[in-house]
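Asker: mind looking at a prediction? Sequence and model below.
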Amino acid sequence: MRITRTSDWREAIPFETPMIADAVMPGEAARCTTCGVGSTPLPRTELWAVKHRHPHDPAGTVRLYCAVHVPKTAQKPEPVASGPARKGARTSASRTPRTPKPTVPERVAAVCPDCFVEVPPTGVCGMCGRRVD
């Protein structure tokens, strides 16, 4: 049996990219993270959702911001090593690009309509013996 991570709505949002909150997570009016609890709730069409990296959660954390407090998220250039390169030191130019792993689609298992248990690939229920197609 293979245990996989559950699907999370935050996976569809790129990190550090402001997006209109209504398109990402529709719902009721909410407050800006920076303005705080004393501010009036704004409709989600006027709020920006930004997914930030979190050290303990790989899915990240999503915060809502008003138009005034949207964080500026410019792409930072990678630092360039200054001075002579050391022997055996790797540089970003010498790395070979990785090819992404192919994804394997999850198999949809048949379920017995009488016993409500998963049927093995043979198609015969292990509990009642009924053939399930």
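Answerer: On my side now, so go ahead.

Asker: residues near the closest residue to residue 69 other than its chain neighbours, how many?
Answerer: Counting by Cβ to Cβ, 6 or more residues apart in numbering, residue 34 is the residue found nearest to residue 69 once chain neighbours are left out, at 3.9 Å. Quick note: C-beta positions are derived from backbone N, CA and C, even for glycine. Residues within reach of residue 34, counting by other Cβ atoms under 10 Å, total 14.

Asker: quick one, helices of the protein?
Answerer: Secondary structure of the chain (DSSP state H): helices at 21-24.

Asker: so where's it uncertain?
Answerer: 1-7, 73-94 (pLDDT under 70).

Asker: show me how it divides into domains.
Answerer: 11-65, 109-133 (automatic domain parsing).

Asker: find the residue closest to residue 11 in space, skipping its chain neighbours.
Answerer: Leaving aside its chain neighbours, residue 11 sits nearest to residue 59 (6.5 Å; criterion: Cβ to Cβ, 6+ apart).

Asker: list the residues that contact that neighbour.
Answerer: 8, 10-11 (Cβ atoms under 8 Å, 6 or more residues apart in numbering).

Asker: are any of those buried, and which?
Answerer: Those of the contacts of residue 59 that meet the buried threshold are residue 10, by 16 or more other Cβ atoms under 10 Å.

Asker: distance from the chain centre to stretch 119-133, please.
Answerer: 36 Å (Cα atoms, centre = their mean, to the nearest Å).

Asker: ditto for stretch 30-39
Answerer: 25 Å.

Asker: between the two ends of it, how far is it?
Answerer: Stretch 30-39 stretches 10 Å from its first residue to its last (Cα to Cα, to the nearest Å).

Asker: what sits up against that stretch?
Answerer: The contact list for stretch 30-39 (Cβ under 8 Å, 6+ apart) reads 21, 40-42, 44, 47, 63-66, 68-69.

Asker: now do the strands in this protein.
Answerer: Under the criterion DSSP state E, the chain contains strands at 19-20, 48-52, 61-65.

Asker: since that was my last question, I'll sign off now.
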